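Trainee: need coordinates for the below:
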Amino acid sequence: MKHEIKRITVNSSNISEIGYDELTKTMEVMFKHGGVYHYSPITQQAYISFLRSKSKGEFFHQNIIKNKLIHNKKIK
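Mentor: Numbering: from 1, shown residues only. Next up is the predicted model:
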């Protein structure tokens, strides 16, 4: 049985929804273009900081993409 991560809608020009699974330390990001990606390992604090950030896109690029510490996997 596949585990689903519950996402919440965020205010962003590029990101539509963000979710987090504490058990697997996986963050799920749904982009407005429709792509959904998993990023892990993500700490709960990093996820909360992402949710609280004024600019989701800037936080995403500075802390997720730029650091290249996270493996991503496109999902259906």
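Trainee: use CA for all of it now, contacts and neighbours both
Mentor: OK.
Trainee: how about the helices in the chain?
Mentor: For the chain, helices defined by DSSP state H occupy the ranges 44-52, 56-60.
Trainee: ok, now which ones touch the residue nearest in space to the middle of the chain?
Mentor: In the chain, the residue lying closest to the centroid (C-alpha atoms, centre = their mean) is Val29, at 3.8 Å. Applying C-alpha atoms under 8 Å, 6 or more residues apart in numbering to Val29 gives the contacts Arg7, Ile15, Ser16, Glu17, Ile18, Gly19, Val36, Tyr37, His38, Tyr39.
Trainee: same thing but 10 Å
Mentor: 5, 7-8, 15-20, 35-39, 60, 74 (C-alpha atoms under 10 Å, 6 or more residues apart in numbering).
Trainee: got the residue ranges for the strands in the protein?
Mentor: Remark: strands assigned in the chain by DSSP state E are 7-9, 15-21, 26-31, 36-40, 71-75.
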